[in-house]
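Participant: Next input, structure requested:
(2 chains)
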Amino acid sequence: KQEVTQIPAALSVPEGENLVLNCSFTDSAIYNLQWFRQDPGKGLTSLLLIQSSQREQTSGRLNASLDKSSGRSTLYIAASQPGDSATYLCPERGDQGGSEKLVFGKGTKLTVNP
Amino acid sequence: GAVVSQHPSWVICKSGTSVKIECRSLDFQATTMFWYRQFPKQSLMLMATSNEGSKATYEQGVEKDKFLINHASLTLSTLTVTSAHPEDSSFYICSALVVAKNIQYFGAGTRLSVL
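Facilitator: The predicted structure is shown next:
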């Protein structure tokens, strides 16, 4: 059974700090990994996509890495801002019979205090 | 990035009525869309996979006769919650798969409140 664990479950930091969010998954044959953020009561915004052949992806202040052998991915946020406050999700996905299902954990709830 | 529009964003209905939620891919064609449900402080749970031109594939425990899915065109999938009850109150989110990029784009979600 596919399962995603995100650590920490919640994180509160002062503005300007650099921080790391961790994600572990059970399927070593992971196809790719997509990081999302979800604002309260809203849908999901895609942040970064790492293909299984890649080790990391960067977008602005965000950097995500993928280690398939250990079943882990990390999201690094540099110089955090209050606008970064959201729940961050790294659903596991796999290619099952041609369909792309996503299995979500509970995410990491980030609060960046001004 | 691709845009997925979900409508309505919020709906309140009486118990026993049916509610239809629309999910549209605005600038791309999506043969595959997904419907998720999220209860407060819980994870998103996949309900079903919507396939254009064919029957939806439901996850275990999801009643296909209660949650009717129609994907009649390449840009529109609808989820109808039939005979809604208060326990169906939840946040429903759809996503559309861009096959070429292997990325899912999500709608903004629909908050359903059944009185």
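Participant: following the helix or strand of chain A with the lowest mean pLDDT, which helix or strand comes up?
Facilitator: Lowest on mean pLDDT, DSSP states H and E among the helices and strands of chain A sits strand A:92-96, with a mean of 63. For strand A:92-96, the following helix or strand on the C-terminal side (DSSP states H and E) is strand A:99-103.
Participant: What is that following strand packed up against?
Facilitator: Of the remaining helices and strands, those touching strand A:99-103 by 3 or more C-beta pairs under 8 Å, 6 or more residues apart in numbering or on different chains; DSSP states H and E are strand A:92-96, strand B:32-38, strand B:45-51. (C-beta placed from N, C-alpha, C; glycine too.)
Participant: Note down every partner strand of the helix or strand just after the last one and its orientation.
Facilitator: If I follow you right, that is strand B:45-51. Next in sequence after strand B:45-51, counting helices and strands by DSSP H and E, comes strand B:57-58. Here strand B:57-58 has these sheet partners by DSSP bridges: strand B:45-51 (antiparallel).
Participant: hmm, who's touching the partner strand?
Facilitator: Strand B:45-51 is contacted by residues A:99, A:101-104, B:31-38, B:56-59, B:62, B:64, B:67, B:69, B:71, B:77, B:79 when judged by C-beta atoms under 8 Å, 6 or more residues apart in numbering or on different chains.
Participant: likewise stretch B:63-81?
Facilitator: The contact list for stretch B:63-81, computed with C-beta under 8 Å, 6+ apart, reads B:18-26, B:29-31, B:33, B:35, B:47-48, B:50-54, B:56, B:58, B:82-83, B:88, B:92, B:94, B:96, B:112.
Participant: Of those, keep whichever come out buried.
Facilitator: B:19, B:21-25, B:30, B:33, B:35, B:47-48, B:50-52, B:56, B:58, B:88, B:92, B:94, B:96, B:112 (16 or more other C-beta atoms under 10 Å in any protein chain shown).
Participant: Does anything pack onto the helix or strand containing A:Trp35? Which helices or strands?
Facilitator: Using DSSP H and E, the element containing A:Trp35 is strand A:32-38. Contacts defined by 3+ C-beta pairs under 8 Å, 6+ apart place strand A:32-38 against strand A:19-25, strand A:44-51, strand A:62-67, strand A:72-77, strand A:86-89, strand A:92-96, strand B:103-106.
Participant: any idea how far that strand is from the chain center?
Facilitator: Here the centre of strand A:32-38 is set off from its chain's centre by 5 Å, with C-alpha atoms, centre = their mean, to the nearest Å.
Participant: ok and it relative to strand A:99-103, angle-wise?
Facilitator: Interaxial angle of strand A:32-38 relative to strand A:99-103 (axes from the mean of the first three to the mean of the last three C-alpha atoms, to 10 degrees): 50 degrees.
Participant: Now strand A:32-38: average pLDDT?
Facilitator: Mean pLDDT, computed over strand A:32-38, is 90.
Participant: neighbouring contacts of it?
Facilitator: Under the contact criterion C-beta under 8 Å, 6+ apart, strand A:32-38 has outside partners A:23, A:25, A:44-52, A:62, A:64, A:66, A:73, A:75, A:86-93, A:102, A:107, B:102-104, B:106.
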